[in-house]
Each structure stands twice: as structure tokens, then as C-alpha cells.
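Enquirer: one predicted model, sequence on top.
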Amino acid sequence: MARCPLCSERPAKRFCPAKETRICAVCCGSRREVDIDCPSSCHHLMAGRVYESDRRNPDPQLESAVQKFDKSFTYRHTPVLNAVCLAICDARVVAPWLLDTDVIEVLKDLAKTMSTLSGKSITSLCPRVACRFLSFID
């Protein structure tokens, strides 16, 4: 059996649609969406996401914050939420290496800053956080 072209150590058993060749399971798992730009149709990527979501312990602060939001929050803040979603989608097109964890970190900082600026609720944007988000693209 052929060796993995990425590490040259283990047998290449998994077909990688991004690399258009077979790679080993370790490289597939450790380099997935890091060094390898996996297409969303890759079944190894989908299986890995399911596995990680089953293992992931939710952030207790984030979970408690989500419990506080009701439908009226979404209606009141639809323009802001739409703008943030559009910015994330645009950033992903320009920066394919952008991961969910990067976006979550920026959104947490944005929520903190907005909460600090407003005193109690999300009402305005902070240029510092916007610049940080845009720095992912550059």
C-alpha cells in the first residue's frame, strides 16, 4: 500500500477530494480544514464534524446567554444579525481558512464590547472588534 503523501509515514487509505489522492487517517483528521481545504461534500469531513460535535462540551457562559434570548430578540436585532451573518459569509469566501472557532472568538469579543458600550444590551458596534474580524481576511 502507498504511503501518505503528506506525512510519508503511514499507509494512505482515505481518498481526499481536496488533494485528489489518498492520505492517511491521521493527516485527514489533524489537517482537515487547517492545511487541507476540504470540500463540504467530503464524507470524512462530515463524519468528523458529527464526532466533534458529540464530544464538544458547550461553553457554559454561551449556553446560559443563549437561554436568555427569546424570539423578540431576533426580531428587534434582525438588521444587526443579518449584517453579521453576511460579513461572516463574505469573510469565508475571501478567507477559506477561517474556522468556526475564529468566528466564535470574534463574536464573543463583539458581544462583550457591545454589552460594555451599551451598559446592558447589544445596541452599537465597536470599530476595534470590526477591525479584528477584518484582520482575519487580510
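Expert: Yep, it's here.
Enquirer: can you give me the buried ones in stretch 43-55?
Expert: Neighbour-count burial for stretch 43-55, with 16 or more other C-beta atoms under 10 Å as criterion, is recorded at His44, Leu45, Gly48. Quick note: C-beta positions are derived from backbone N, CA and C, even for glycine.
Enquirer: you'd agree the first one is up against Cys28?
Expert: Looking back up the chat, that one is His44. Yes: His44 is in contact with Cys28 according to C-beta atoms under 8 Å; the separation is 5.5 Å.
Enquirer: so what sits against both of those two?
Expert: With contacts taken as C-beta atoms under 8 Å, 6 or more residues apart in numbering, His44 and Cys28 have Arg14, Cys16 as neighbours in common.
Enquirer: just want the most central residue of this structure.
Expert: Among the residues of the chain, Asp100 comes closest to the average C-alpha position under C-alpha atoms, centre = their mean, at 0.9 Å.
Enquirer: where's Leu107 relative to Lys68, distance?
Expert: From Leu107 over to Lys68 the distance is 16 Å, taken as C-beta to C-beta, to the nearest Å.
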